[in-house]
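Engineer: this one's structure only:
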């Protein structure tokens, strides 16, 4: 009203009459929309007084031409309404604030219109006048929808401006890459020294000779000193590392002690002690991340000396699942992956070696499984291949846990041995009504286990038997299986229980503890053998809480948050998970063995496996190794630095701030920014 009164004072009667007609029309629209809520208007009135007074002063300062342009200059009724809404927003309690997010954007969330070539202030005005606009990127000038902030992502070429009704909170203190170690150690102290490392005279020594340690020293030397240099180290450098291992012959199993202590002096010899060689490997990995090359002086140095680190994993089992059935993963691909796992102290490859799509393992007991079930003659693993992978992994402290998923996910078996399947056209679950099925399981399991605890091709004492996603329709549609179920007074679900129990008994007889997906707990609960390990995976599941309360051990790999094939799951989401949520501390320590990231192979082969796994697996690795309660914001700088470390070591880790995993960098930029 004050604006119109000012207009009538400055304009001709004709212009004043036009302005009043526009205002009357707007009032009519408002009246047709229904009565105002008096209590809300009264509440607003007091809050608006100061803003209205300020607006009055602004209006009085405008020239005649500016006032005409403000009220009558719009090209359409919709534009005029938008202009009035903008002016009302400035005078109402709904204030206008612009939040700026440097090097960010929300792609493919645009509205029509553009402010390309305009200034930031001009873009703000254009957005305010554009229906549905919630922001814009700059300098491209692309207008964004109002939900843009919900999927903001890194974009190095633009800044993102978002319209809000409150001031932007100050940014959190910037995270720092300290300590420059991934995963975060349990306990450490450091000082402010900077020590030079004498790369030319650096020595690896051990109290007890061991071929495993000798091999480890040869592997770590190029990690410590990746650049050739002739620069002298100067006086009082660090000259070597001495490793003391209590027992160099301890086999690698779930219960193996992986702890270590590391003391890095200001000069002299670094001291590393560990109960086992596997703990020593982790200590050497930590040391490798602390040694930095100075490109200006061409010397190696360690900052923060002296260091004292007392470290151990929070969880014993820290896995990545690799699926070589949905896409074949060659031996060299597996070795490259295993090498990279050691950089984050991941200690298990959960090898999902066969599935309904293919059977690539050459079973000595049942050779037609791969002869008929592999994708091609070249996409197979010999016994020697598996032995090579297992030993390669052991020398790096990585266990191989084989999964043979039964009774579902086994359709490929029927090609070589059709008698173990319900019918040629309905192949799963495996046929429970014939001993041929269980004879095959006994032989196949034995190929891996050697039918003795800690022995065989895969000597790990854990074997995964799957048990998930079992649809018994093929059983009920098979006349012979239906008759067998009736003869044994079993429902189809009872037949499933029979199968799981008998398959587990075979594995137990061969010295193995059985891991199974959580469906076996859903079906059988405490009827399962107490040595059974329940693997939680269903989205939103809390089965770990129930299973541990009943005294069963569990693994935690929940879909939606720790499934690596979920390309939209961010590292922050993965980092924020807590396997022991809702579980008492005593039960957590006793029954939660750990878990890991599951890299299902539907869209993964050698061409993209590393960048799909890394760097996000690093987030899971720190949750499983490091102290409880750390948060992603505090870890962000170390996470970005870890990704860059992976790249420098030849690992195809995708940009750490990708909106979707394994995407290429969005444009030019440094490793630490993307």
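Structural biologist: All right, it came through fine. What you are looking at is a predicted structure, and each value in this text was computed from that prediction instead of being measured. Numbering: from 1, shown residues only.

Engineer: For the stretch 151-300 of the chain, which residues score under the pLDDT cut-off?
Structural biologist: Scanning the stretch 151-300 of the chain for pLDDT under 70 picks out 172-174.

Engineer: which residues of it fall in helices?
Structural biologist: 211-224, 277-290 (DSSP state H, counting those that start in this stretch).

Engineer: Please identify the most buried of these.
Structural biologist: Counting by mean count of other C-beta atoms under 10 Å, helix 277-290 has the highest mean neighbour count of those, with a mean of 24. In this view, the C-beta of every residue, glycine as well, is placed from N, C-alpha and C.

Engineer: Tabulate the helices of the stretch 151-300 of the chain (CSV), appending distance to residue 560.
Structural biologist: Output for these, formatted as CSV (distance: least, C-beta to C-beta, whole Å):
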stretch, distance to residue 560
helix 211-224, 35
helix 277-290, 30
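
Engineer: closest one to residue 413 among those helices?
Structural biologist: Residue 413 lies closest to helix 277-290 among those, at 35.3 Å (C-beta to C-beta).

Engineer: Determine the set of other helices and strands touching that closest one.
Structural biologist: Here helix 277-290 is seen to pack against helix 211-224, strand 238-245, strand 260-264, strand 268-274, strand 299-311 when contacts are counted using 3 or more C-beta pairs under 8 Å, 6 or more residues apart in numbering; DSSP states H and E.

Engineer: if you set the cut-off to 6 Å instead, what comes out?
Structural biologist: Secondary-structure packing of helix 277-290 (3 or more C-beta pairs under 6 Å, 6 or more residues apart in numbering; DSSP states H and E): helix 211-224, strand 238-245, strand 260-264, strand 268-274.

Engineer: Show me what the first one packs onto, helices and strands only.
Structural biologist: The reference is to helix 211-224. Where contact means 3+ C-beta pairs under 6 Å, 6+ apart, helix 211-224 is packed against helix 277-290.

Engineer: before we move on, what about the last one?
Structural biologist: In terms of contacts (3+ C-beta pairs under 6 Å, 6+ apart), strand 268-274 is packed against strand 238-245, strand 260-264, helix 277-290.

Engineer: cool, and the second one?
Structural biologist: In terms of contacts (3+ C-beta pairs under 6 Å, 6+ apart), strand 238-245 is packed against strand 203-206, strand 268-274, helix 277-290.

Engineer: Save those as TSV, and put in distance to residue 103 too.
Structural biologist: Shown next, in TSV, are those (distance: least, C-beta to C-beta, whole Å):
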stretch	distance to residue 103
strand 203-206	42
strand 268-274	39
helix 277-290	27
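
Engineer: for these, which one sits closest to residue 298?
Structural biologist: With C-beta to C-beta as the criterion, residue 298 lies closest to helix 277-290 of the helices and strands packed on strand 238-245, at 18.6 Å.

Engineer: so how far is that closest one from its chain's centroid?
Structural biologist: 24 Å (C-alpha atoms, centre = their mean, to the nearest Å).

Engineer: Contacts made by it with the rest, please.
Structural biologist: Helix 277-290 is contacted from outside by 181, 212, 216, 220, 223-224, 243, 245, 248, 256, 258-260, 262, 272, 274, 302, 345, 397, using C-beta atoms under 6 Å, 6 or more residues apart in numbering.

Engineer: how about the helices in the stretch 551-674 of the chain?
Structural biologist: Using DSSP H, counting those that start in this stretch, the helices of the stretch 551-674 of the chain run over residues 571-575, 585-591, 609-613, 616-625, 632-648.

Engineer: Which elements pack onto the fourth one?
Structural biologist: What that stands for is helix 616-625. Here helix 616-625 touches helix 571-575, strand 592-599, going by 3+ C-beta pairs under 6 Å, 6+ apart.

Engineer: ok, back up a step: what's the most buried one of the helices of the stretch 551-674 of the chain?
Structural biologist: Highest mean neighbour count of the helices of the stretch 551-674 of the chain: helix 616-625, a mean of 28 (counted as mean count of other C-beta under 10 Å).

Engineer: Which residue, other than its chain neighbours, is closest to residue 420?
Structural biologist: residue 437 (4.4 Å; C-beta to C-beta, 6 or more residues apart in numbering).

Engineer: since we're on residue 184, how many residues are nearby?
Structural biologist: Residue 184 has 17 neighbouring residues, counting by other C-beta atoms under 10 Å.

Engineer: want to try JSON lines for the helices and strands packed on strand 268-274, with distance to residue 384 as columns?
Structural biologist: Below are the helices and strands packed on strand 268-274 laid out as JSON lines (distance: least, C-beta to C-beta, whole Å):
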{"stretch": "strand 238-245", "distance to residue 384": "30"}
{"stretch": "strand 260-264", "distance to residue 384": "33"}
{"stretch": "helix 277-290", "distance to residue 384": "24"}
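
Engineer: Low-confidence ranges, this structure, go.
Structural biologist: Residue ranges of the chain with pLDDT under 70: 1-94, 172-174.

Engineer: before we move on, the earlier item: so which of the helices and strands packed on strand 268-274 gets nearest residue 588?
Structural biologist: Residue 588 sits nearest to helix 277-290 of all the helices and strands packed on strand 268-274, at 21.9 Å, using C-beta to C-beta.

Engineer: Next, the angle strand 299-311 makes with the closest one.
Structural biologist: Between the axes of helix 277-290 and strand 299-311, defined by axes from the mean of the first three to the mean of the last three C-alpha atoms, to 10 degrees, the angle is 140 degrees.

Engineer: So that it lines up with my notes, have the first residue be 29 from now on.
Structural biologist: From this message on, residue numbering opens at 29, which makes the last subject helix 305-318.

Engineer: circling back: for residue 186, find the nearest of the helices and strands packed on strand 296-302.
Structural biologist: Across the helices and strands packed on strand 296-302, closest to residue 186 is helix 305-318 (C-beta to C-beta), at 33.5 Å.

Engineer: Many thanks, we can stop here.
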